[in-house]
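Engineer: Sequence plus the predicted model coming up.
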Amino acid sequence: MASSPRRLPIGCDWSDAAAASLGLPDVIAHGMLTMGTALRVVTDWAGDPGRVLSYSVRFTKPVVVPADGGADVRFA
């Protein structure tokens, strides 16, 4: 399932060729995916998603997801 209605070959279709054509080392995780994953950590900690009244992010670099495995994402 895509996190966005936009179809991006480097982030949704897992196309190594599309990522390479843009100079990326591999496919990347969509920013909405990393944002939602981070928010899940916060809502789990808060105990109730309704307690989170505001949330903002700044995307600073892509999360590379190698075709032969997953990626570790750390939130600071």
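Structural biologist: All right, it came through fine. Numbers count the residues shown, from 1 in each chain.
Engineer: Give me the distance between the residue lying closest to V41 once chain neighbours are set aside and V42.
Structural biologist: Closest residue in space to V41, ignoring its immediate chain neighbours: F75 at 6.3 Å, by CB to CB, 6 or more residues apart in numbering. The C-beta positions use only the backbone N, C-alpha and C, and glycine is treated the same way. Going from F75 to V42 by CB to CB, to the nearest Å gives 9 Å.
Engineer: Which one's more surrounded, the two?
Structural biologist: V42 (13 against 10; other CB atoms under 10 Å).
Engineer: Tell me the confidence at the nearest residue to the more buried one once chain neighbours are set aside?
Structural biologist: Counting by CB to CB, 6+ apart, V42 lies nearest to V52, which is 5.9 Å off, once chain neighbours are set aside. We have a pLDDT of 94 for V52.
Engineer: ranges for the strands of the protein?
Structural biologist: If DSSP state E is used as the criterion, the strands of the chain fall at 28-29, 63-64.
Engineer: Turn those into TSV, including mean neighbour count, distance to G70 and mean pLDDT.
Structural biologist: Listed next are those as TSV, based on neighbours: other CB atoms under 10 Å; distance: least, CB to CB, whole Å; pLDDT from 0 to 100:
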stretch	mean neighbour count	distance to G70	mean pLDDT
strand 28-29	18	10	82
strand 63-64	15	10	84
